[in-house]
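S.K.: Build me a model from this:
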Amino acid sequence: MRPPPVTARCRRDEGAGTVLVLTAAALIALTALVVSGLAVAMSVRHRASVAADAAALAAAARVSGGAAACLSARSLAEKNGASLTRCDVEGSIVDVTVAMAPPTWAAWLGPARLNARAGPSDI
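M.R.: Just a heads-up that it's a prediction; the model follows:
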């Protein structure tokens, strides 16, 4: 049995480069999606952290007003694009939790939830 001519062997590989290029392009696109998702998650987490800290400080500044402390925290959290999910006032210490949703295209990441605590210094 003789091997097939060279031209017949080359024809079996026609289109293999296209498949390799499409696979590489899909891998690059998937990597870009994952990296951009992680970047958005970090950004949302940092923004939620700022909103939680600001809300806790705003509440601590009005802690003598009772319920006004949590209203102040809610207002400041909403101005920072977050929602206040918990506000506890114990004496002069305020604990808050805020949640911030990522952009709609990254909704699969879920909301970032962060806690913050503020009150007088123990010094």
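
S.K.: Show me how far stretch 32-40 is from its chain's centre.
M.R.: Distance, stretch centre to chain centre, for stretch 32-40: 10 Å (Cα atoms, centre = their mean, to the nearest Å).

S.K.: scratch that, stretch 54-70
M.R.: Taking Cα atoms, centre = their mean, one finds stretch 54-70 lying 27 Å from the centre of the chain it belongs to.

S.K.: ok, and what's touching that stretch?
M.R.: With contact meaning Cβ atoms under 8 Å, 6 or more residues apart in numbering, stretch 54-70 is reached by 72-77, 80, 82, 84, 87, 89, 92-96, 98, 116-120. C-beta: built from backbone N, CA, C; applies to glycine.

S.K.: Now do the SS call for the residue nearest in space to the middle of the chain.
M.R.: Geometric centre of the chain, nearest residue: Ala41, 2.3 Å, by Cα atoms, centre = their mean. For Ala41, the assignment made with DSSP: H, G, I helix; E, B strand; the rest coil gives helix.

S.K.: show me the contacts for the nearest residue to it once chain neighbours are set aside.
M.R.: Leaving out its chain neighbours, the residue that sits closest to Ala41 by Cβ to Cβ, 6 or more residues apart in numbering is Leu109, at 5.1 Å. With contact set as Cβ under 8 Å, 6+ apart, Leu109 has these partners: Gly37, Val40, Ala41, Val44, Pro102.

S.K.: Might one say that the second one is in contact with Trp108?
M.R.: It stands for Val40. No. Using Cβ atoms under 8 Å, Val40 is not in contact with Trp108; the gap is 10.5 Å.
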